[in-house]
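Novice: one predicted model, sequence on top.
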Amino acid sequence: MAKKVKPQSDIIPVESFDQVDDLLHKIGSLADQIDKINIDNSAKIEQLKAEAKLEIEPLQLELDQLAESIKAFCVSNKKTFGTRQSMTLNHGKVGWRKSTVISIKTKNDTTLKLIKSLFKPALIKDCIITKESVSKDALAKLSDDQLAQVEAKRVPKNPFYVEPVRTEVKA
């Protein structure tokens, strides 16, 4: 498959650093306009969220009240369910979902230490999640020879950037 090449026709011919400086000014101005639009929209979004929260709150309270009322009724009529966990009605289902949750009574690191000290190595391996991955930060401290031994290398990069002087945009 042929490699797609971006046409260069959209590039503005630049002939001097004065022109580069003018283009940087324009980039900064455009970026400021984009920031202003984003800030304005963020404020509008936050306002809409606040309004929606006010509309939703009484509905959510009523929903919770109805659900608790149904639960109270079902608990008081549990015998009607018999051996079933749920009951299908015209407009939905009610019932109990069987689930199991592991509750750790101590701090997580205490449980971790206890698992390591009490269980056999094979069981420890099943109870503790470990993820092995290469630490690039640690590799950066190695010499080039050491990196070559582990089939890694330092790759210097010098990417081009455009950094216009920016003005602070206020909402």
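Specialist: Perfect, thanks for sending it. Everything numeric in this text was worked out from a predicted model, so none of it was measured. Residues are numbered from 1 along each chain as shown.
Novice: which of the helices or strands spans Glu88?
Specialist: No Glu there; residue 88 is Thr. Using DSSP states H and E, the element containing Thr88 is strand 86-89.
Novice: okay, now the sheet partners of the next helix or strand after that strand, with direction.
Specialist: Next along the chain after strand 86-89, taking DSSP H and E as the criterion, comes strand 92-95. Strand 92-95 has its sheet partners listed here by DSSP bridges as strand 86-89 (antiparallel).
Novice: disregarding residues adjacent in the polypeptide, which is nearest to Cys127?
Specialist: Leaving aside its sequence neighbours, Cys127 sits nearest to Ile115 (Cβ to Cβ, 6 or more residues apart in numbering; 5.1 Å). (Each C-beta comes from the backbone N, C-alpha and C, glycine too.)
Novice: show me what the helix or strand hosting the one you found is packed up against.
Specialist: For Ile115, the host element (DSSP H and E) is helix 108-118. The contact analysis (3 or more Cβ pairs under 8 Å, 6 or more residues apart in numbering; DSSP states H and E) places helix 108-118 against helix 121-127.
Novice: next helix or strand past the helix it packs on?
Specialist: Next along from helix 121-127, by DSSP H and E: helix 136-140.
Novice: now do the buried residues in that next one.
Specialist: Buried residues in helix 136-140, counted by 16 or more other Cβ atoms under 10 Å: none are found.
Novice: can I get the helix or strand just after it in PDB, CA atoms only?
Specialist: Later in the chain than helix 136-140, the nearest helix or strand by DSSP H and E is helix 144-149. Taking C-alpha atoms only, helix 144-149 is exported to PDB below (Å, rounded to 0.1, in the frame of the first residue of the first chain):
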ATOM      1  CA  ASP A 144      25.200   2.800  27.400                       C
ATOM      2  CA  ASP A 145      27.100  -0.500  27.700                       C
ATOM      3  CA  GLN A 146      24.700  -1.800  30.300                       C
ATOM      4  CA  LEU A 147      21.700  -0.700  28.200                       C
ATOM      5  CA  ALA A 148      23.200  -2.600  25.200                       C
ATOM      6  CA  GLN A 149      23.400  -5.700  27.400                       C
END
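Novice: that concludes my questions; thank you for your assistance.
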